[in-house]
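>>> One predicted model, sequence on top.
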Amino acid sequence: MKAVTWQGRRKVAVETVPDPRIEAPTDAIIEVTSSGICGSDLHLYEVMGAYMSSGDVLGHEAMGRVVETGSDVTDLKRGDRVVIPFQITCGDCYMCRTGLTSQCETTQVRKYGCGAALFGYSKLYGQVPGGQAEFLRVPYADATHITVPDGPDDARFLYLSDVLPTAWQAVEYAAVPDGGSVTVLGLGPIGDMACRIAAQRGLRVIGVDRVPERLARVAERGVEVIDLDAVDEPIGDIIRGWTDGRGTDSVIDAVGMEAHGSPFASAAQRSAAFLPDIVAQRVMDTAGVDRLAALNSAIDIVRRGGTISVSGVYGGMLDPLPMRVLFDKQIQVRMGQANVRRWVDDIMPLLQNGDPLGVETFATHRLPLSNAAQAYDIFQHKSDGAVKIVLDPTATS
Ligand SMILES: NC(=O)c1ccc[n+]([C@@H]2O[C@H](COP(=O)([O-])OP(=O)(O)OC[C@H]3O[C@@H](n4cnc5c(N)ncnc54)[C@H](O)[C@@H]3O)[C@@H](O)[C@H]2O)c1
Ligand SMILES: [Zn+2]
Ligand SMILES: [Zn+2]
């Protein structure tokens with residue numbers, strides 16, 4: 001089959017790889033009809049090479065149809081239309097039963113001290129072949145799927161794989177009081193969707209980014225926006241000026257480790273990306289490699305006693321944080337990979353009664369799988385108006 005493979009820093013290629021097959025009785029194979037590219041894929045593309053191998057199949061936002069099931073799979077049959085959560089979950093362990101599916105104790109990657117295995121996401125998360133491919137093997141398929149109704153196209157449900165539950169969890173963890181305010185840092189797919197969800201709940205939402213199309217998309221939905229590149233005072237000062245001198249009740253960091261505006265860490269990330277894996281892994285573990293500009297802004301922007309919800313992914317082990325400010329401002333911080341299955345029942349009604357979140361028109365690009373190299377390039381450079389790109393393995397280029 002054809003699949004998008006990681007080849008090195010800023011290099012992906014569509015290659016022919018062996019078709020996946022049932023390896024355990026709990027597996028299923030799906031034929032992929034849509035597969036998103038995520039900001040998390042950009043981290044693999046740019047800085048996380050130390051944990052990748054040439055030829056790894058990328059992608060963790062897939063949906064499609066079941067073509068084969070293992071002998072122990074009882075909940076799925078050939079032809080079912082399914083969205084595949086980005087994490088692999090057994091559905092049965094203590095963590096899965098408490099809704100913390102991203103911490104599944106059956107699939108945790110203990111070798112690296114990491115949580116649940118993820119599709120297409122580096123050695124840290126199990127090096128499981130991903131879904132930017134014609135077919136995908138789904139381990140623990142009875143728990144690792146969301147069945148969705150048949151419909152004319154995939155856009156309605158595809159984002160249940162990642163964007164919707166991640167943005168939903170970001171808003172839940174932000175714990176914004178009723179009628180309160182939230183700043184969303186970063187307006188890529190995750191921040192954009194978090195703005196939509198928060199606005200839909202009647203909250204005051206302020207969105208921050210530096211990409212004009214991204215700012216315009218949320219502004220159209222009633223979000224107040226700040227263009228990072230158009231201001232010359234700290235964002236925190238501006239937002240305090242808009243909120244009785246306090247800052248917003250909550251802040252969502254939807255940026256993560258590659259934030260703009262952290263020159264020292266940018267250099268550290270670049271050098272780590274060029275070192276041999278074994279050395280780079282040491283650097284990632286012992287130096288402050290995350291770019292913390294967004295997280296530091298969040299700490300500044302949030303009001304005293306407020307909450308920061310971090311959905312942006314961080315990867316360093318020794319990042320310097322302003323503990324005095326965090327402590328003095330009495331800030332609560334919640335973070336983590338989204339627990340996809342935990343939020344599906346809450347989100348589903350918003351996908352089935354009208355389209356209040358605008359999922360049908362959320363993607364800016366739907367491209368054949370064979371265009372993956374171009375797709376990664378424009379998504380990383382935020383060129384050609386790219387905000388959300390979906391790859392279509394069924395299209396011929
Ligand atoms: N927690 C989870 O389960 C989960 C799931 C999906 C994605 N993520 C993470 O969420 C983050 C966002 O993902 P995405 O798909 O929206 O990616 P993205 O890269 O498209 O979006 C990031 C946005 O942040 C903006 N930005 C950069 N520096 C900034 C700064 N200092 N202040 C404000 N904005 C800034 C960029 O211009 C960009 O628009 C990534 O770190 C991704 O890995 C986490
Ligand atoms: Zn993702
Ligand atoms: Zn589990």
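On my side now, so go ahead. Ligands and ions are numbered 1, 2, ... in the order given.
>>> which residues of the protein score low on pLDDT?
263-264, 271, 283, 286-289, 397 (pLDDT under 70).
>>> Any residues of it in contact with ligand 1? List them.
Applying Cβ under 6 Å from any ligand atom, we find that the chain lies next to ligand 1 at 38-40, 42-43, 162, 166, 185-191, 208-211, 214, 228, 254-256, 259-261, 293-294, 311-313, 337-338. For glycine as for every other residue, the C-beta is placed from the backbone atoms N, C-alpha and C.
>>> Now which of the residues you listed would you call buried?
With neighbours counted using 16 or more other Cβ atoms under 10 Å, these contain these buried positions: 38-40, 42-43, 162, 166, 185-191, 208-211, 214, 228, 254-256, 259, 293-294, 311-313, 337-338.
>>> Skipping its backbone neighbours, what lies nearest the residue of the stretch 101-250 of the chain found nearest ligand 1 in space?
Using Cβ to the nearest ligand atom, the single residue of the stretch 101-250 of the chain nearest to ligand 1 is residue 188, 2.1 Å away. Leaving aside its sequence neighbours, residue 188 sits nearest to residue 39 (Cβ to Cβ, 6 or more residues apart in numbering; 5.0 Å).
>>> The residue of the stretch 101-250 of the chain closest to ligand 1: what's it in contact with?
Applying Cβ atoms under 8 Å, 6 or more residues apart in numbering to residue 188 gives the contacts 39, 209, 214, 254, 387.
>>> my guess is residue 249 contacts residue 179, does it?
No - contact criterion Cβ atoms under 8 Å: residue 249 and residue 179 do not qualify, at 9.6 Å.
>>> neighbour count winner among the two?
Set residue 249 next to residue 179 and count neighbours by other Cβ atoms under 10 Å: residue 249 wins out with 22 against 10.
>>> Could you pull up the contacting residues of that one?
Contacts of residue 249 by Cβ under 8 Å, 6+ apart are 176-177, 180-182, 302-303, 306-307.
>>> Between all of those, which two are at the greatest distance?
177 and 302 (12.9 Å; Cβ to Cβ).
>>> Between these two, which has more neighbouring residues?
Neighbour totals were compared for residue 177 and residue 302, and residue 302 leads with 28 against 11 (other Cβ under 10 Å).
>>> Relative to residue 180, how far out is that one?
To residue 180, residue 302 is 12 Å away according to Cβ to Cβ, to the nearest Å.
>>> Also residue 309?
To residue 180, residue 309 is 13 Å away according to Cβ to Cβ.
>>> Mind listing the shared neighbours of these two?
Common neighbours of residue 309 and residue 180 (Cβ under 8 Å, 6+ apart) are residue 250.
>>> In terms of packing, which of these two has more residues around it?
residue 309 (27 against 18).
>>> did I read that right, that one in a strand?
Yes - under DSSP: H, G, I helix; E, B strand; the rest coil, residue 309 sits within a strand.
>>> Was I right to think it contacts residue 167?
No - the criterion here is Cβ under 8 Å, and residue 309 misses it with residue 167 at 10.4 Å.
>>> Quickly check: stretch 251-269 near ligand 2 or not.
No - if you take Cβ under 5 Å from the ion as the test, stretch 251-269 misses ligand 2, and the best it gets is 10.6 Å.
>>> Can I get that stretch in PDB? Just the C-alpha atoms.
Output in PDB follows, covering the C-alpha atoms of stretch 251-269 (Å, rounded to 0.1, in the frame of the first residue of the first chain):
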ATOM      1  CA  VAL A 251      -5.700  30.600  29.400                       C
ATOM      2  CA  ILE A 252      -5.400  27.700  26.900                       C
ATOM      3  CA  ASP A 253      -1.900  27.000  25.500                       C
ATOM      4  CA  ALA A 254      -2.600  25.500  22.100                       C
ATOM      5  CA  VAL A 255       1.000  26.200  20.800                       C
ATOM      6  CA  GLY A 256       3.400  23.800  22.500                       C
ATOM      7  CA  MET A 257       7.100  23.300  22.100                       C
ATOM      8  CA  GLU A 258       7.700  25.200  18.900                       C
ATOM      9  CA  ALA A 259       6.400  28.500  20.000                       C
ATOM     10  CA  HIS A 260       7.500  31.600  18.200                       C
ATOM     11  CA  GLY A 261       9.600  34.000  20.200                       C
ATOM     12  CA  SER A 262      12.000  31.800  22.100                       C
ATOM     13  CA  PRO A 263      15.400  32.300  20.400                       C
ATOM     14  CA  PHE A 264      17.600  30.300  22.800                       C
ATOM     15  CA  ALA A 265      15.400  27.200  22.800                       C
ATOM     16  CA  SER A 266      15.000  27.500  19.000                       C
ATOM     17  CA  ALA A 267      18.800  27.100  18.700                       C
ATOM     18  CA  ALA A 268      18.700  24.200  21.100                       C
ATOM     19  CA  GLN A 269      16.000  22.400  19.100                       C
END
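>>> Closest one of the contacts of residue 249 to ligand 3?
Ligand 3 lies nearest to residue 307 out of the contacts of residue 249, by Cβ to the ion, at 27.4 Å.
>>> Next, count neighbours for the closest one.
Close neighbours of residue 307, defined as other Cβ under 10 Å, add up to 21.
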